[in-house]
Structures are given as structure tokens and as C-alpha cells.
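# This is a predicted model, with the sequence first.
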Amino acid sequence: MEEQNVKLTKLAKCAGCGAKVGAGVLSQLLEGIRVHSDPNLLVGFDKSDDASVYKVSDELALVQTVDFFPPIADDPYLFGQIAATNALSDVYAMGGEPKLCLNIMAVPESMPKEAVHQMLRGGYDKVYEAGALITGGHSILDDEPKYGLCVTGFVHPDRVLTNSGAKPGDVLLLTKPIGIGVLSTAQKAEMLSSEGAELMYRLMTTLNRSARDAMVKYRVHACTDITGFGLLGHGFEMAQGSDVTLTIDVGAIDLIPEALELAKMGILPAGMYRNRTFAEPGVDVGDTELAKQDLLFDPQTAGGLLIAVAAEDADALFAELKDCVPSAQRIGIVEPYIGEKRIRLR
């Protein structure tokens, strides 16, 4: 078929969430912009959260987010699925349910129509799997293809989860392995094994829906999805926003073995260096070896959820997560911040 001749990743300078503007640069770009207050705006961008939340009534709040990026897979249908999975994740991280989506697309004028069709079909299929609808969108011509979604979801105003509510004593759970950014970098350089590619694409097309459905039954104080800023970047934002310290057991984290070997070889995405520059000043790395540090700063695409749950509920939530999300891990605890580092690796 015509679209099989298109190597989408060859048309992009960066892949997936690795193309994100660094968190430190982003905060500088937003600095000084006047933010208007509204009593119904429950979550804005002041705490670097995953989505905005606006209260409509005592029973309903809207969760809204947008996410798009250049290709992280050569197959257009697969790329569409990954981009949609990643965009939907922000709503799940807020404890919400996605309902309405709009396509955001940029394509080269020379891109075959069948390839564009397959990319859109991938997004549609994943959105429908989430129980949501695509109702339109916007497209432009661009030399580099890009695709994503604007997503609106629903949540009860009293059950909104943010990245800034973690409390001392909470247990930290993570729902997907770490190392996707390194794998995608290796894949673009044609250095990734077929087994590594299969794992990477499976992880990036797995919705965080099951994890969300499980966690909302328990006393979860904070949640964020691990995407472009990596585990330590997003973890740093959670710790800073919550005014706590996250103590993370590196040995408990599922670091993808092939990604670790590639990191030791120096196969690293540019986004890893941006994430390190942003978060490293707030991280006590202890005696963690450099390659493992690199993976913890690695930008993930459609990564898992980082959940801070009350200690009393941690065992029950972890057991339920393991039933529906076998890759779930128990990786650390939340402690009081006493003026030292925001994250401690142990």
C-alpha cells in the first residue's frame, strides 16, 4: 500500500514527547503573563498540572487538555494511536473521563492521502476505545507531520486529582516501565531489537484508563502522568507543588533492560538532557549509577501514572492495579520537605 512507503520518523527532527519544550524553558516563557482569576477555575497552569479543570455545577467539572507531537513510529496508523493515547492520558491523570476530542494535525503537502487517513484512523480507534468521541479538529500544511488531540473530559468537582496534593506518608505507585524515550531514539537509529520495538509500541498504545478506574476508588492525594519531562521531571513538579520530598527506591522501578543497556552505550534523546537541566538541582541522586539516572530523566511518550496514595489504601490499590495493570510498581514514599532536595533516590 502507498502509506507503507512513508517513513514518518525520517520526516521529524524529534520523536514523540521528546520534542517538548523543556520544563525550565517553559516556565520562563510563561513568566509574567497576567492570569485572570475565576472562582470556577479549579486548576490552571500555576502548578504545572496536566490539564485545566473548570467547575460547571456542584456535580460537574470540565477537564481540558491538548497534546500533539511529531511521529514516533513510521506506521501512520500506529503513530495516530500513540498520539491519541498520550493526549487522553492527561485527563486520566486528573481523575477524569475523556468525552470529546478534536484532531490537531499538520502534514506535508506531499504526504500520501492514504497515510494521512491511516494516521487519523489510528487516533479515532484509540479515542473510541476510551469511550470518547472525535467531533472535528483543525489541520494545516507543514514540512514536518504532527498529530494530536484537544481532549475534554468530565470529573466531579470534589474528586479532581492534581499533581500538587501529595501528603507526607503517602505511598508512590507507578503504572508503566521507564525507558520509552531511549528505545524510540534507538529505533530511529535502527539499533532497537524487534522485541524492544514491540514492547515500546505496546506500552505507548496502552491507555491509562484501567489505572484511572482503579485509583479513583481510593484516597489518592496526587497524580500525574509521566511523559515528556520524565519520571524525575514530573516527580519534581509533584514534590514542589505539594511542598514535600519524594523518596524513590530506584531498585523498585521497572527500568526496561534494553533501554538501560542502550543508555550505557550513550543512546539518549535530547529531551533527557533538557529534563536533567531542569530537575537535577532538586534531586539527590545518591549513588545511583549514571545510566539509571539517565533513564529516570528520560522523556516518556504515553507513559504511566505516578500516584501518591494514602498509606492506609496503598496495599489495596496496588493489588487492584496489579490485576488490571500488571506493570504497576510500588516505588517509594512521600516525606516532609525540610529544606533539602525535593527528590531523594535510594
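Sure thing, it's come through.
# next SSE after the particular helix or strand that has residue 106 in it?
Using DSSP states H and E, residue 106 sits within strand 97-107. Downstream of strand 97-107, the first helix or strand assigned by DSSP H and E is helix 113-129.
# about what we covered before: okay, buried residues for the strand holding residue 106 please.
97, 98, 99, 100, 101, 103, 104, 105, 106, 107 (16 or more other C-beta atoms under 10 Å). Placement of C-beta: from N, CA and C, glycine included.
# Can I get these in a markdown table including distance to residue 324 and pLDDT?
As requested, the buried residues of strand 97-107 are arranged in a markdown table below (distance: C-beta to C-beta, whole Å; pLDDT from 0 to 100):
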| residue | distance to residue 324 | pLDDT |
| --- | --- | --- |
| 97 | 16 | 98 |
| 98 | 18 | 98 |
| 99 | 22 | 98 |
| 100 | 25 | 98 |
| 101 | 23 | 98 |
| 103 | 29 | 98 |
| 104 | 30 | 97 |
| 105 | 32 | 97 |
| 106 | 35 | 96 |
| 107 | 36 | 95 |
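# Just list what the strand holding residue 106 packs against, helices and strands only.
The contact analysis (3 or more C-beta pairs under 8 Å, 6 or more residues apart in numbering; DSSP states H and E) places strand 97-107 against strand 61-69, helix 76-93, helix 113-129, strand 133-141, strand 146-155.
# What pairs with that strand, parallel or antiparallel?
Strand pairing for strand 97-107, using DSSP bridges, gives strand 133-141 (parallel), strand 146-155 (antiparallel).
# what is the rounded mean pLDDT of the longest one?
The one in question is strand 146-155. Mean per-residue pLDDT for strand 146-155: 98.
# what is the orientation angle of it with helix 113-129?
Counting by axes from the mean of the first three to the mean of the last three C-alpha atoms, to 10 degrees, strand 146-155 lies at 20 degrees to helix 113-129.
# and the angle from strand 146-155 to helix 76-93?
In terms of direction (the same axes, to 10 degrees), strand 146-155 departs from helix 76-93 by 30 degrees.
# Count the neighbours of the closest residue in space to residue 208 that isn't next to it in sequence for me.
Nearest non-adjacent residue to residue 208, counting by C-beta to C-beta, 6 or more residues apart in numbering: residue 92, 4.3 Å away. When neighbours are defined as other C-beta atoms under 10 Å, residue 92 has 29 of them.
# tell me the contacts of the most centrally placed residue in the chain?
By C-alpha atoms, centre = their mean, the mean C-alpha position of the chain lies nearest to residue 227, the distance being 2.7 Å. When contacts are counted by C-beta atoms under 8 Å, 6 or more residues apart in numbering, residue 227 touches 17, 20, 86, 89, 234, 299, 300, 301, 302, 303.
# ok, it to residue 93 distance?
Distance, residue 227 to residue 93, using C-beta to C-beta, to the nearest Å: 9 Å.
# picking that back up, now, of the helices and strands packed on strand 97-107, which is deepest in the fold?
Greatest average neighbour count among the helices and strands packed on strand 97-107 goes to helix 76-93 (a mean of 28), per mean count of other C-beta atoms under 10 Å.
# and that one, what does it pack onto?
Contacts defined by 3+ C-beta pairs under 8 Å, 6+ apart place helix 76-93 against strand 61-69, strand 97-107, helix 113-129, strand 146-155, helix 194-204, helix 209-215, strand 220-225, strand 305-309.
# Rebuild the ones you listed as CSV, extending it with distance to residue 253.
Formatted as CSV, those follow (distance: least, C-beta to C-beta, whole Å):
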stretch, distance to residue 253
strand 61-69, 24
strand 97-107, 28
helix 113-129, 26
strand 146-155, 28
helix 194-204, 14
helix 209-215, 16
strand 220-225, 16
strand 305-309, 11
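# wait, which of the ones you listed is closest to residue 257?
Residue 257 sits nearest to helix 194-204 of all the helices and strands packed on helix 76-93, at 9.1 Å, using C-beta to C-beta.
# that older thread, which one of the buried residues of strand 97-107 is nearest residue 318?
Once C-beta to C-beta is applied, the member of these that ends up nearest residue 318 is residue 97, at 22.6 Å.
# Can you name the residues bridging to that closest one?
Legend: beta-bridge partners of residue 97 under DSSP bridges are residue 154.
# Please tell me how far it sits from residue 151.
Distance from residue 97 to residue 151, by C-beta to C-beta: 10 Å.
# Could you point out which of the helices and strands packed on helix 76-93 sits nearest residue 247?
If you check each of the helices and strands packed on helix 76-93 against residue 247 by C-beta to C-beta, strand 305-309 wins as the nearest, at 11.9 Å.
# orientation of the closest one relative to strand 220-225 in degrees?
Note on geometry: by the same axes, to 10 degrees, strand 305-309 and strand 220-225 are set 170 degrees apart in direction.
# Strand 305-309 pairs with which strands?
Applying DSSP bridges, strand 305-309 is found paired with strand 171-174 (antiparallel), strand 220-225 (antiparallel).
# Outside of that strand itself, list whatever touches it.
By C-beta under 8 Å, 6+ apart, the residues outside strand 305-309 that reach it are 89, 92-93, 165-167, 170-176, 208, 211-212, 215, 218-226, 231, 234-235, 238, 242, 317, 334.
# redo that, cut-off 6 Å
93, 166, 170-175, 208, 211, 215, 218, 220-226, 317, 334 (C-beta atoms under 6 Å, 6 or more residues apart in numbering).
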